[in-house]
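Engineer: coords below, sequence missing:
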């Protein structure tokens, strides 16, 4: 077992990283977003498994410049696995805008997805 006082610390830290990651995506801070992963971290993105910060950064730099996003997380909670690890659960709704020159901006909202980060 591990001391109860360490539980809120690891849970809060993992929730903070999850929220910061999605904020970095929306702000197009790709290097910071990739850097939030462990050097050998894994991200299952759109059906593709990306392993390592370099692979994650490479995928993020391919995001179209005319696409802006707002990742809306709700019902965020964490559960502790051990003193150094927690799993973060959330519902994710994606709002997206695509602004092409001389065309009306396209707005889309994706369905609510259930996600976990660990």
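Structural biologist: Structure received. For clarity, every value in this text was computed on a predicted model and none was experimentally measured.

Engineer: below-threshold pLDDT in the chain: ranges please.
Structural biologist: Residue ranges of the chain with pLDDT under 70: 1-7, 114-118.

Engineer: name the SS class of residue 63, please.
Structural biologist: At residue 63 the chain is in coil, as set by DSSP: H, G, I helix; E, B strand; the rest coil.

Engineer: I'd say it and residue 28 touch.
Structural biologist: Yes: look at residue 63 against residue 28 with Cβ atoms under 8 Å: they come within range, at 7.3 Å. For every residue, glycine as well, the C-beta is placed using N, CA and C.

Engineer: show me which residues of the lengthiest strand in the chain are buried.
Structural biologist: If you go by DSSP state E, the chain has its longest strand at strand 67-82. Across strand 67-82, burial judged by 16 or more other Cβ atoms under 10 Å covers 68, 69, 71, 72, 73, 78, 80.

Engineer: tell me, how many neighbours does residue 105 end up with?
Structural biologist: 10 (other Cβ atoms under 10 Å).

Engineer: surely it meets residue 67?
Structural biologist: No: contact criterion Cβ under 8 Å: residue 105 and residue 67 do not qualify, at 10.7 Å.

Engineer: list the contacts of residue 24.
Structural biologist: Going by Cβ atoms under 8 Å, 6 or more residues apart in numbering, residue 24 touches 30, 32, 33, 36.
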